[in-house]
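Asks: any chance you could fold what I've pasted below:
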Amino acid sequence: MAEVFSEWLEKLKSKIDIAEVVSSYVHLEEKGSRKWACCPFHHEKTPSFCIHSQTQTYYCFGCHVGGDVITFVQEIEHTDFMGAVKILADKYHVEIPDFSRKDSNATLKKHKDKLYEMMRDAAAYFHQNLMGDAGKPAREYLAKRGISAQTARIFGLGYSIGKQQLVSYLSSKGYSGEQMQEAGLVDKSQNGCYDTMAGRLIVPIINNIKQVIAFGGRVLDDSLPKYKNTRETILFNKSKEIFGQHSVKKLKLEGPVNELIMVEGYMDVISLFQRGVKNAVASMGTALTVEQARLIKRYVNKVIICYDGDSAGQKATMRGLDILYNEGLDVRVVSLPDNLDPDEYVRKYGKDSYLKLLVEAKPLFEHKLNVIASKYDLTSPQEKGKYAVEAMNAIKVLEDPAMVEAYMGFVAKKTGLSVETLRRQFDMSETPVIQIAKPQAKVGMTAFDRAVRYVLYALFGGVENANCETDLSQYIVDKNQAALYNLYRAKKDSGQNTLDELVKEEENNPEVRYVLDEGSKIGDEIANQYFADCVKTIIKEGDKLRKRALTKAIDNETDEEARYIMISQLAQTKKQ
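Replies: Below you'll find the predicted structure:
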């Protein structure tokens with residue numbers, strides 16, 4: 001009988017000692033039957049992070065986080081469930097079997113693994129070029145920009161010598177031209193394959209589980225285009241990645257990281273890092289996406305957006321604000337003077353001046369109101385009135401009355417209009433506005449929650465051929481989760497149980513965003529088996545929750561007849 005994913009996972013966990021895994025990140029001290037450390041998830045001087053070897057779990061008495069070894073790796077590596085499983089399987093030399101029911105998925109996985117291997121070899125080759133004799137022009141360029149050899153090593157920087165050298169090297173390692181082309185390393189002409197980054201400084205782009213997925217290239221002179229990125233491929237989707245994750249993850253191990261600085265390009269990140277500002281990441285373009293915002297949220301709750309000072313950069317800043325805020329992030333904005341980008345500013349004025357700008361970063365809505373004001377001549381009564389109308393529309397998305405009042409005062413001071421006048425304008429405004437969701441507190445993520453959310457995702461079409469004959473409504477006790485399950489049952493017969501239908505409910509049901517997030521964590525290769533395991537978890541754990549709820553209700557019930565009925569129900573569930 002084929003091994004199921006849950007059985008394989010238990011075998012993997014049986015080979016793992018959680019203390020050994022944790023000790024590779026923090027120093028452990030043994031006290032009695034437990035091991036202790038300063039928590040890697042919050043800053044502290046006295047150890048409150050405890051390892052329970054008997055149960056193979058951890059718990060922090062300071063920040064109240066806990067879980068098993070997979071949860072620990074997820075949190076400390078800022079990865080999803082399967083990312084943590086892969087890291088642990090690699091560490092303990094355990095092969096992950098193919099749990100897919102489709103041969104095509106197994107083939108795809110092997111194919112992608114080969115491409116990842118090739119990208120790693122390409123990165124090593126480029127870096128070797130940079131450090132060798134042929135890399136002198138690139139090293140001189142880095143020296144002019146103040147980038148040290150150590151920083152070049154940390155970011156794995158490299159150099160492409162010419163059009164054919166990479167092709168020859170990878171061919172000697174057994175990779176085909178088709179594989180190189182599929183990964184975006186080369187283009188093809190009548191004369192064969194050639195390196196698209198020839199003559200450029202090479203910047204590897206690394207995902208959240210330390211795989212090289214693409215490359216950026218920067219010319220060494222003033223020729224155009226200055227920058228070139230690997231096109232989107234089977235490995236690389238620019239809208240779902242941020243540059244600089246690996247350095248931020250390392251920084252979080254050294255101490256607390258309270259905020260990230262979002263810049264536009266990878267050279268900004270590298271330049272800031274060189275000068276001691278190590279908490280910067282780049283969107284690799286101006287169009288911020290929801291996926292990138294959610295990735296940032298894994299690391300911090302506060303982000304300072306600091307794009308180029310030119311007009312295109314300013315417009316890009318405005319486009320990204322609502323996306324970041326809508327994901328529950330505290331958003332601040334830095335406007336750089338003289339049309340400088342972060343790299344140019346920190347080289348010209350230094351680290352201390354840049355940090356001062358960050359301290360003075362404007363809150364999201366103050367920045368918005370300032371940008372709106374820049375479009376009007378506030379010395380003109382007519383223009384002043386137009387500004388007031390647009391400003392009131394801008395703050396109408398705020399649900400906190402105190403914040404609305406504060407920003408009315410801000411606009412009143414800027415325009416000279418009374419708060420009473422602005423309040424009347426605010427109340428009478430009929431201009432449609434896009435509601436921005438207030439940041440929501442993190443909800444519970446027990447194994448039962450994860451199972452329910454993934455099953456909902458699968459049943460709404462997120463997993464092909466997912467079906468469950470058991471009525472799960474008797475086990476799902478959360479009202480928002482139950483509402484989605486009932487919606488699925490109502491839509492099932494008409495074939496309308498699709499992800500599109502689920503997304504339509506997001507405005508009315510806060511659970512939807514967590515269902516979609518949970519669904520994105522599991523790869524297609526194990527989706528069907530993981531779905532089946534989640535159904536088992538719901539039935540098993542849901543039954544326990546039901547009994548617990550009945551027991552509590554019995555204890556609190558004063559009516560004898562009602563107690564008798566509930567005791568009968570409890571006895572029936574125990575028989576089942």
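Asks: shouldn't residue 238 be in contact with residue 231?
Replies: No: assessed by Cβ atoms under 8 Å, residue 238 is found out of contact with residue 231, at 9.1 Å. Every residue, glycine included, has its C-beta placed from N, CA and C.
Asks: what about these two, which has more around it?
Replies: residue 238 (20 against 12; other Cβ atoms under 10 Å).
Asks: what's the local residue count around residue 530?
Replies: Neighbours around residue 530, by other Cβ under 10 Å: 25.
Asks: which non-adjacent residue is nearest it?
Replies: Excluding the flanking residues, the one nearest residue 530 by Cβ to Cβ, 6 or more residues apart in numbering is residue 522, at 5.2 Å.
Asks: you'd agree the one you found is up against residue 81?
Replies: Yes: counting by Cβ under 8 Å, residue 522 does reach residue 81; the two are 6.7 Å apart.
Asks: how is the protein divided into domains?
Replies: Under automatic domain parsing, the residue ranges defining each domain of the chain are 5-91, 104-236, 245-360, 369-428, 447-575.
Asks: among those, which is nearest residue 97?
Replies: Of all these, it is domain 5-91 that lies closest to residue 97, at 6.2 Å by Cβ to Cβ.
Asks: any idea of the mean pLDDT for the closest one?
Replies: On average, the pLDDT along domain 5-91 is 85.
Asks: now do the strands in the stretch 451-576 of the chain.
Replies: Here the stretch 451-576 of the chain has no strands by DSSP state E, counting those that start in this stretch.
Asks: contacting residues for the residue nearest to residue 530?
Replies: Residue 522 makes contact with 80, 81, 82, 454, 530 under the criterion Cβ atoms under 8 Å, 6 or more residues apart in numbering.
Asks: which of those fall within helices?
Replies: Counting by DSSP state H, the contacts of residue 522 place 81, 82, 454, 530 in helices.
Asks: next, give me the two most distant ones among these.
Replies: 82 and 454 (11.9 Å).
Asks: so which of these two has more stuff around it?
Replies: With other Cβ under 10 Å as the criterion, residue 82 and residue 454 differ in neighbour count, and residue 454 comes out ahead with 27 against 19.
Asks: measure that one to residue 538 for me?
Replies: 10 Å (Cβ to Cβ, to the nearest Å).
Asks: from the middle of its chain, how far away would stretch 13-20 be?
Replies: 27 Å (Cα atoms, centre = their mean, to the nearest Å).
Asks: now do the same end-to-end measure for that stretch.
Replies: Stretch 13-20 has its terminal residues 12 Å apart, counting by Cα to Cα, to the nearest Å.
Asks: just the buried positions in it, please.
Replies: Of all the residues in stretch 13-20, those buried under the rule 16 or more other Cβ atoms under 10 Å are 13, 16, 18, 19.
Asks: stretch 398-410: how far from the chain's middle?
Replies: 30 Å.
Asks: ok, and for that stretch, which residues are buried?
Replies: Buried-residue list, stretch 398-410, by 16+ other Cβ under 10 Å: 398, 404, 407, 408, 410.
Asks: so the third one: helix, strand or coil?
Replies: Classification of residue 407 by DSSP: H, G, I helix; E, B strand; the rest coil places it in helix.
Asks: surely it touches residue 364?
Replies: No: using Cβ under 8 Å, residue 407 is not in contact with residue 364; the gap is 10.7 Å.
Asks: with adjacent residues omitted, what lies nearest to residue 264?
Replies: That would be residue 307: by Cβ to Cβ, 6+ apart, it lies 4.9 Å from residue 264.
Asks: looks like that neighbour contacts residue 265 (just checking).
Replies: No: applying Cβ under 8 Å, one finds residue 307 not in contact with residue 265, separated by 9.4 Å.
Asks: shared neighbours of the two, anything?
Replies: Residues touching both residue 307 and residue 265 by Cβ under 8 Å, 6+ apart: residue 341.
Asks: shouldn't residue 303 be within a helix?
Replies: No: under three-state DSSP, residue 303 falls outside any helix and is assigned strand.
Asks: next, name the residue at the spatial heart of the chain.
Replies: residue 295 (1.2 Å; Cα atoms, centre = their mean).
Asks: assumed that residue was part of a helix.
Replies: Yes: if the criterion is three-state DSSP, then residue 295 is within a helix.
Asks: ok, now which ones touch it?
Replies: Contacts for residue 295 (Cβ under 8 Å, 6+ apart) come out as 208, 240, 241, 242, 245.
Asks: residue 328: which of these is nearest?
Replies: Among the contacts of residue 295, and counting by Cβ to Cβ, the member closest to residue 328 is residue 242, at 17.0 Å.
Asks: can you classify residue 7 by secondary structure?
Replies: Classified using three-state DSSP, residue 7 is helix.
Asks: coming back round to it: and the residue nearest to the centre of the chain, how close does it get to residue 492?
Replies: Counting by Cβ to Cβ, the gap from residue 295 to residue 492 is 33 Å.
Asks: any idea how many residues pack against the residue nearest to residue 264?
Replies: Quick note: residue 307 (other Cβ under 10 Å) scores 29 neighbours.
Asks: and the pLDDT at it?
Replies: For residue 307, the predicted pLDDT is 79.
Asks: what's the answer for the one 3 residues further on, then?
Replies: You'll see residue 310 listed with a pLDDT of 56.
Asks: with residue 130 instead?
Replies: Taking residue 130 on its own, its pLDDT is 98.
Asks: pretty sure it is touching residue 156, no?
Replies: No: Residue 130 lies out of contact with residue 156 (Cβ under 8 Å); the separation is 9.4 Å.
Asks: could you point out which element follows the helix or strand hosting residue 115?
Replies: Secondary structure from DSSP states H and E places residue 115 in helix 103-131. Moving toward the C-terminus from helix 103-131, the next helix or strand (DSSP H and E) is helix 136-144.
Asks: quick one, that following helix and helix 103-131 angle?
Replies: Put simply, helix 136-144 runs at 80 degrees to helix 103-131, going by axes from the mean of the first three to the mean of the last three Cα atoms, to 10 degrees.
Asks: work out the gap between the next helix or strand after helix 136-144 and the centre of the chain.
Replies: Following helix 136-144 in sequence order, the next helix or strand is helix 149-154 (DSSP H and E). How far helix 149-154 lies from its chain's middle: 26 Å, per Cα atoms, centre = their mean.
Asks: over to stretch 158-177?
Replies: For stretch 158-177, the distance to the chain centre is 33 Å (Cα atoms, centre = their mean).
Asks: export that stretch to CSV, keeping only CA atoms.
Replies: The C-alpha coordinates for stretch 158-177 follow below in CSV (Å, rounded to 0.1, in the frame of the first residue of the first chain):
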residue,chain,number,x,y,z
GLY,A,158,28.9,37.8,-10.1
TYR,A,159,30.1,38.8,-13.6
SER,A,160,29.2,37.6,-17.1
ILE,A,161,32.3,37.6,-19.2
GLY,A,162,30.7,37.2,-22.6
LYS,A,163,28.0,35.6,-24.7
GLN,A,164,29.3,32.1,-25.0
GLN,A,165,31.2,31.3,-21.8
LEU,A,166,28.2,30.5,-19.6
VAL,A,167,26.7,28.3,-22.3
SER,A,168,30.0,26.4,-22.6
TYR,A,169,30.3,26.0,-18.9
LEU,A,170,26.7,24.7,-18.3
SER,A,171,27.0,22.4,-21.3
SER,A,172,30.1,20.9,-19.8
LYS,A,173,28.0,20.2,-16.6
GLY,A,174,25.4,18.3,-18.7
TYR,A,175,22.7,20.9,-19.1
SER,A,176,21.0,21.4,-22.4
GLY,A,177,20.4,24.6,-24.4
